[in-house]
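Engineer: sequence and computational prediction follow.
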Amino acid sequence: MYEAETIDVAVVGGGHAGCEAALAAARMGMNTVMFAISLDSIAMMPCNPSIGGSSKGHLVREIDALGGQMGKTIDKTYIQTKMLNTGKGPAVYSLRAQADKIKYQAEMKHTLETTPNLRIRQGEIAEILMEDGSVCGVVTTSGAIFRCKAVILCMGTYMQSRCLYGDVIIPSGPNNLMCATKLTQCLKELGIRLYRFKTGTPARMLKSSLDLEKMQPQYGDETIVPFSFENKPEDIKREQALCWLTYTNETTHQVIRDNLHRSPLFGGMIQGTGARYCPSIEDKVVRFADKERHQLFIEPEGEDTDEMYIQGMSSSLPEDVQIAMYRTVPGLERCEITRFAYAIEYDCIDATQLKLSLEFKDFKGLFSAGQFNGSSGYEEAAAQGIIGGINAARYIQGKEPVVLQRSDGYIGVLIDDLISKGSQEPYRMMTSRAEFRLLLRQDNADQRLTPTGHGIGLISEERYLALREKERLVALEIERVKALTIAPNAKTLEVLAQYESTPIKSGAKLSDLIKRPELDYEKVSPLDGDRPTLPADVQEQVNIQIKYEGYIGQQLKQVEQFKKLENRLLPEDMDYMSIQGLRIEAQQKLDAIRPSSLGHASRITGVSPADISVLLIYLEQQKRRG
Amino acid sequence: MNRINQLDDIIAAISTPLGMGGIGIVRMSGQGCIALADRLFSGKKSLLEKKSHTLSYGKMVNQGEVIDEVLVSVMKGPQTYTKEDIVEINCHGGSLVTRRVLEAVLNQGARLAEPGEFTKRAFLNGRMDLTQAEAVIDLIHSQTDLSRQAAVNQLEGRLKKEVRSMREEILDMIASIEAVIDYPEHDVEEETYDNMEQGSLKLLNRMETLLANADRGKIIREGLETVIVGKPNVGKSSLLNWLLEEERAIVTDIPGTTRDTVEEYINIDGISMKIVDTAGIRETGDVVERMGVEKSKAYAEKADLILMMLDGSRPLEGEDREILSFIRGKKTMVLINKTDLEQKLTLDELEEYIPKEQIIPVSIKENRGFDELINGLKELFFSGESVKAEDALLGNTRHKNALFQAKEAMERCLVTIRTRMPEDFISMDLQDANRALGEITGDVADEEIIDRIFTKFCLGK
């Protein structure tokens, strides 16, 4: 052992959480070192070669709005991009990009290397050093002691992980990388409760071995929407790659059924808890036995590789069964598998041990973020990473942590869910988890979160002023449009007829026409002679805010109600066990989780509305007694 | 003051139905109630020295005057109904004396308990869960046997069953929409707008039916808040007395305690009425009734039922017309009294204000028209059906509010579907409805939706 250095923040792990955490802390002025077992695995995507998608796209936009990196990096390295759900409402528009995995990693690593105050170091952390309940350092397996004020745990799926290919079990991290074997013991000795979770990935195949003729090509969008609010579409436009669609069939399912006894999942060899939303193909075939076929998307892993990712067909069956099963699929008959599908098991924490700031309740300066908190997905990890990084820096600065509420963003929903409920399975972000999703759109993430990012020093003055200008233009234009009355003249009727919209008989408000489902701000522009020339993002906001005004107002009212409970703060040292009238289960849950507010308490499993009434009354009593 | 601020003070109430026999009990709960009772109590030993759960014989003395001979039971928390200290004063001198004892403890600083407040405390102090408490509150509120049955029904969960079944359907609809949204490229079959419209309409109808029954529930449990209006000297007090005489069991009358007016509870053939401001009608005796047009208006605003008295032996006058015009469209029965005399009132003009079915000729003097009145009321409130307890599913105001919110959300949902808004707006409305219904059953929505998505559809990478 030797004393290596004294720093501010040590980040343990270089995945998507680790990268955002390290960058945020360093950009906030902290002397930061990010440790990774292999620096070649920084920002690795060991599963799907894409970023974003339904609700995950929201997270990436929010990370960017706060001053994070993921959006900028994928904008530089995407090979296909799509806005999903455009046929649905604006709340669920979802941006997704196929990534060039290798370029994404290289780009992110280079960003880390060139960020002031930040260094990356190859090495495994074996021990967290504590003093009087506060973190004070980390020790590498090679014996280097780094004294520090805050540690952010971002170990992802590497903790005592093992990969399963049928009855072949290999102790390794994802993608045959070394797993972390030492730190689990140290965390257990600190008294941190751990779970064992499971996830999986499908096979990769050589493109040249596939018969793409038999599949349907999937194209990217013509109109590009960047993830980062700092990028303009024209700046990142490039040639896009194709994905392909094919299906399993009855033969595929028969092969799987014939070999179920060799699956570790059904054979009882897997102990970890898997996620319902990442089912293996054997899982799908068993649980939905009457489904005749399952979709498979064949996606490129990058531009400089021929490897293709087989989305929809992850598995933990043995290699020989995998070969037989994949080769029953149209287009995959002669497939050459480069990497086999596997299931992976790993240690993660019970996230109810954390505060909303992602700091451990029992250990000052010790933060935890990412898949190690029981989530799944690159975006969920990155979202926690930036919050962990911000709050580690705030902790050292002696400032209040940044806590996003459920009404602020998907990040708020994600963290609140994780630490209130504790996941029983890897947690995936879904739009239906966001109760105020009409307010939490991907298009307004900047308006929701960039002021916060600016306040903590992650957003430049220039970007902040640009946002203010955008908001000013939006407000002005809405005011102008709302004051406008359209006469029922020939031109008006012609435009309405063009969109099969009911003719008007007397003067109508332009804003009311925009609200019609078949019309929008753009379509009524011929009726609006004095319309100023406005940037596309301003027009988009004007359209959404006018068109869905009623629904938005409805949710704003709900947020108001929600905040009433949210703003009733609960003291950290509240003695729940002595509060009369709370049921024992609620006492125990509240005592373990120590919610930050009544609203937070109301979301804890096992805490009933009656318990909340009791708490409410208790708080009032306390207040009156002074 | 916020009601939440008043949770540990001493509450008191008469806990036996008044006028129902000799013994009346004044019950108090809250810290300090034993000392309070002791200040009024004169016996062998101070109540403060008594062991818990014992009876003491003595006298209640207020300002030197003996009110009654009493038995006082002292029960110390937490082994009590409310988990607080409880004192029960058993009075023997009939309802008037019981009321004076109540007044005495109120003078000593106790606060009159709100309806069901002992149970509320029992509930807030952890004695029972939410749904139980509400049904128990309803039990306490019961003014008739019918409503007692309704409360029992609710305990058995009939309401929950119906609400749960509606939530099942809503959840299915939400899951179908959400699965497509969260997995945009999966081959999940989308619901058509027509199907969703049909489903929503059915749900809306079910909610409306439940709500209609909710009003019945209130009628059965709390009684119709009834006001008797009419110009002075038309026979309002005669009507009140007539109703009182006909009533088979007066459950209670609590002058000056519940509020500053006097109320009478009347139960006739399953219809219970709470007639307000009987003092205003009576006080003035046979001279001129005090309650004039202005006061009638104020009461009529919030009443469930308005009984208007007209004198059939006189033509309609200005004051009659004024009252008729403001009660038009409200739940009203117009009684034309004095049909034993020569009739000078023309029905034609009256029917311009009030539907014919709601006009009942009576003669209080000759005791005619009473059955017609009761049948008319049944028609008005229960569509002519006989009143059964099991129809009254919805117990209390909180449930009714939640159901009302759900209904509003379903109405919004229908508009959203009909205006062909995108699916996620439909889902938002459905989720609002689902959350509101969840408040009745105590179920939380969020994981449910996700559970449903993954049970119904095969999704995932």
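Structural biologist: Everything's here; your move.
Engineer: what's near enough to touch residue 452?
Structural biologist: This is for chain A. A:66, A:402, A:404, A:408 (CB atoms under 8 Å, 6 or more residues apart in numbering or on different chains). Any C-beta I mention is one placed from the backbone N, CA and C, and that applies to glycine too.
Engineer: look at chain B instead
Structural biologist: Contacts for B:Arg452 were tallied using CB under 8 Å, 6+ apart; they are B:171-172, B:174-175.
Engineer: among those, which are within reach of chain A?
Structural biologist: B:Ile174 (CB under 8 Å from any CB of the partner chain).
Engineer: so among the contacts of B:Arg452, which ones count as buried?
Structural biologist: Neighbour-count burial (16 or more other CB atoms under 10 Å in any protein chain shown) applied to those gives B:171, B:174-175.
Engineer: now, the residues you listed that are in helices?
Structural biologist: Of the buried ones among the contacts of B:Arg452, the ones assigned to helices by DSSP state H are B:171, B:174-175.
Engineer: which residue does the stretch 301-450 of chain A bring closest to chain B?
Structural biologist: Chain B sits closest to A:Ser432 of the stretch 301-450 of chain A, with a gap of 4.5 Å, by CB to the nearest CB.
Engineer: any idea how far chain B is from A:Asp591?
Structural biologist: To chain B, A:Asp591 is 16 Å away according to CB to the nearest CB, to the nearest Å.
Engineer: what segments of the stretch 1-150 of chain A are helices?
Structural biologist: Secondary structure of the stretch 1-150 of chain A by DSSP state H, counting those that start in this stretch: the helices cover A:16-27, A:56-66, A:70-77, A:101-113.
Engineer: and the ones you listed: which comes nearest chain B?
Structural biologist: helix A:56-66 (9.9 Å).
Engineer: tell me what the closest one is packed against?
Structural biologist: helix A:70-77, strand A:94-99, helix A:378-397, helix A:410-421, helix A:445-455 (3 or more CB pairs under 8 Å, 6 or more residues apart in numbering or on different chains; DSSP states H and E).
Engineer: any idea which of the ones you listed is most buried?
Structural biologist: Mean neighbour count (mean count of other CB atoms under 10 Å in any protein chain shown) peaks for helix A:378-397 among these, with a mean of 29.
Engineer: the closest residue to A:Lys109 other than its chain neighbours: how many residues sit nearby?
Structural biologist: Excluding the flanking residues, the one nearest A:Lys109 by CB to CB, 6 or more residues apart in numbering or on different chains is A:Ile42, at 4.6 Å. Residues lying near A:Ile42 (other CB atoms under 10 Å in any protein chain shown) number 26.
Engineer: quick check: pLDDT value at A:Ile42.
Structural biologist: A:Ile42 carries a pLDDT value of 98.
Engineer: ok, it touching A:Leu112?
Structural biologist: Yes - contact criterion CB atoms under 8 Å: A:Ile42 and A:Leu112 qualify, at 6.8 Å.
Engineer: what's the overlap in contacts for these two?
Structural biologist: A:14, A:19, A:120.
Engineer: okay, these in a markdown table with pLDDT next?
Structural biologist: Shown next, in a markdown table, are the shared contacts of A:Ile42 and A:Leu112 (pLDDT from 0 to 100):
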| residue | pLDDT |
| --- | --- |
| A:Gly14 | 98 |
| A:Cys19 | 98 |
| A:Ile120 | 98 |
